[in-house]
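Visitor: Model the structure of this input:
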Amino acid sequence: MASHRRPSSSGLDRTKRVTVLSAAAASAAAALSAVPAGAQPEDPPSDAVSARGAVDRLYAQAERATELFNAAEERSRKLTEEVDLLRDRAARGQERVNAIRNALGGLAGAQYRSGGLDPAIALVLSESPDGYLDKASALERIGQRHAERLRSLRTALRGLRQQRTEAAGKLVELSDSRKAVVRHKRTVQRKLATAQRLLNALSPEERARFARASRHGRRADGGLLPFPDMTGSSPRAAAALAAARQAVGLPYAWGAAGPGAFDCSGLTQWAYGAAGVAIPRTSQAQRYAGRSVPLSQAQPGDLVVYRSDASHVGMYAGNGQVIHAPYPGAAVRYDPVGMMPISSVTRP
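Guide: This is a model prediction of the structure:
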C-alpha cells in the first residue's frame, strides 16, 4: 500500500479505510471459523494484503463447498431417476399381480359353476395367501395348472414388496441428499458474501490488483494463446481442449456446467462432453476419470487437479498453461499450470 494519502471515491482516509478493512476482516474471521474439520482459523487481517489473502481463502473454501454441492446435486439427480424406475417397476409388478389374480378369479368362477369352489383357491384369493401357500399340502390339493399360477402370484407379490421397499429407501436417501444440497448451497453463499464484503472494503486500486493476480498466462489483449502442439494427444482430448478454448472469457458461476457459465469441474465436464466423452461432475471424481500421469508428461487436454482435497480442476492447454474457471467475478481464462499445489494429472 502506498505510504502517501490518496483520496478514495468514498472520501475515507487511510486510517478510516483500514478500520473498514478490519471490520470486514472480522466478518471473514467468523466465516473462517466454519471451515472443514482439520483447517485452522486465521487471525483477522488488519491491512489490504491480509484482506486479499482472506478473500483467497474464502474463495477456496467456497470452491470446496461448491464441489460438495455439485456431488449432492448429482446424487439427487441419480436417486430421482432410480426412484422413478423403481416406481415404474412397481406399477408393472402390480399390473402382473392383478392379471394373475384375475386369471385365478376366472378359474375359481369356472370351478364354482362346475360344482363348487376349491378351498385352496378361496384362500389364495384372500388378501394374504402366502401363509397358506407355504404349506406343501395346499399345493398338493390342487392341480398342476393351479399350482403354477399360484407360484407366479407368490413370486409377483414378493417382487412387488421388494420394489416398494427399495423405493421407500431411495426416497429417504433422496430427502437426505436434497437437504445436503441446501446445506452446501448456504455454505457457498455465506462464504462468497463474506469475500465480497472484504473486496468492497478494498480501494479500487487494491481491487484491481487482486483482479490481476495470477493472470500471467493471458495475452495482454485477452485473446487465446497459440494452439499447442497436440502430438501425442488423442482426438477426443484435442476436441475437448478446443471446446475449453472457446469458453475462455465466459463467466464463472458456482454450480454451473455451461454452456454460458461454468465452475471449475463444470467447465472440464462440459468440454469433454462436447468431445463426446462423459466424465464425472465433481473435481474429486474427475481425478479418477482416467489414467494418472506425471506432470512432466502432461499433454494438452489432460485434467490438472489441484489441492490435496482435489477441490479445483483445470485443463492443460500446453505451453505451461491451464484453462480453468477460477472463482466468482473472474472469467474462464489461462493461468500457469503451477498456480497452486497440484494434486494429480489425469488423462481421460
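Visitor: number of nearby residues for Pro341?
Guide: Burial of Pro341, expressed as a neighbour count using other C-beta atoms under 10 Å, amounts to 9. To be clear about C-beta, it is placed using only N, CA and C from the backbone, and glycine gets the same treatment.
Visitor: Now do it against Ser308, distance only.
Guide: 7 Å (C-beta to C-beta, to the nearest Å).
Visitor: same deal with Glu205?
Guide: Glu205 is 34 Å from Ser308, by C-beta to C-beta.
Visitor: between the two, which one's more packed in?
Guide: When Glu205 and Ser308 are compared for neighbours, Glu205 comes out ahead with 13 against 7, by other C-beta under 10 Å.
Visitor: Going by secondary structure, that one is in what exactly?
Guide: Using DSSP states H and E, Glu205 sits within helix 204-212.
Visitor: I'd like to know which elements that helix is packed against.
Guide: Helices and strands touching helix 204-212, by 3 or more C-beta pairs under 8 Å, 6 or more residues apart in numbering; DSSP states H and E, are helix 48-113.
Visitor: ok and the helix it packs on relative to helix 204-212, angle-wise?
Guide: Interaxial angle, helix 48-113 versus helix 204-212 (axes from the mean of the first three to the mean of the last three C-alpha atoms, to 10 degrees): 50 degrees.
Visitor: Which residues are in contact with Gly276?
Guide: Going by C-beta atoms under 8 Å, 6 or more residues apart in numbering, Gly276 touches 236, 239.
Visitor: doesn't it fall inside a strand?
Guide: No: Gly276 is assigned coil when assessed by DSSP: H, G, I helix; E, B strand; the rest coil, not a strand.
Visitor: circling back: now the helix holding Glu205: buried residues?
Guide: Within helix 204-212, the residues scored as buried using 16 or more other C-beta atoms under 10 Å are 206-207, 210.
Visitor: could those be laid out in a markdown table, adding pLDDT and distance to His324?
Guide: Below are these laid out as a markdown table (pLDDT from 0 to 100; distance: C-beta to C-beta, whole Å):
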| residue | pLDDT | distance to His324 |
| --- | --- | --- |
| Glu206 | 84 | 24 |
| Arg207 | 80 | 21 |
| Phe210 | 75 | 17 |
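Visitor: Tell me the one of the residues you listed nearest Glu82?
Guide: Of all the buried residues of helix 204-212, Glu82 sits closest to Phe210, with 44.2 Å by C-beta to C-beta.
Visitor: where do the strands sit along this protein?
Guide: Assigned by DSSP state E, the chain shows strands spanning 291-293, 303-306, 312-318, 321-324, 333-336, 342-347.
Visitor: Nearest to Ala62, out of those?
Guide: With C-beta to C-beta as the criterion, Ala62 lies closest to strand 312-318 of the strands of the chain, at 11.2 Å.
Visitor: ok, residues contacting the closest one?
Guide: So strand 312-318 is contacted by 60, 63, 225, 227-230, 240-241, 244-245, 264-265, 267-268, 271, 283, 286-287, 298-306, 322-324, 334-335, 337, 340, 345 (C-beta under 8 Å, 6+ apart).
Visitor: Need the buried ones from those selected in PyMOL.
Guide: Buried residues within the contacts of strand 312-318, by 16+ other C-beta under 10 Å, are selected in PyMOL with:
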select buried, resi 60+63+225+228+230+240+241+244+245+264+265+267+268+271+283+286+287+298+299+300+301+302+303+304+305+306+322+323+324+334+335+337+340+345
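Visitor: ok so, going back, any idea which of the strands of the chain gets closest to Glu173?
Guide: strand 312-318 (26.7 Å).
Visitor: the inter-axis angle of that closest one versus strand 342-347?
Guide: Compare the direction of strand 312-318 with that of strand 342-347 by the same axes, to 10 degrees and you get 60 degrees.
Visitor: Please identify the buried residues of strand 312-318?
Guide: For strand 312-318, a neighbour-count test (16+ other C-beta under 10 Å) marks 312-318 as buried.
Visitor: pLDDT of that strand, averaged?
Guide: Averaged over strand 312-318, pLDDT sits at 97.
Visitor: isn't Glu206 right next to Arg52, touching?
Guide: Yes: assessed by C-beta atoms under 8 Å, Glu206 is found in contact with Arg52 at 7.1 Å.
Visitor: Report the separation between the closest residue to Pro251 other than its chain neighbours and Pro294.
Guide: Leaving aside its chain neighbours, Pro251 sits nearest to Ala261 (4.8 Å; criterion: C-beta to C-beta, 6 or more residues apart in numbering). Per C-beta to C-beta, Ala261 is found 33 Å from Pro294.
Visitor: These two - which one has more neighbours?
Guide: The residue with more neighbours, out of Ala261 and Pro294, is Ala261; 19 against 8, by other C-beta under 10 Å.
Visitor: Cheers, nothing more for now.
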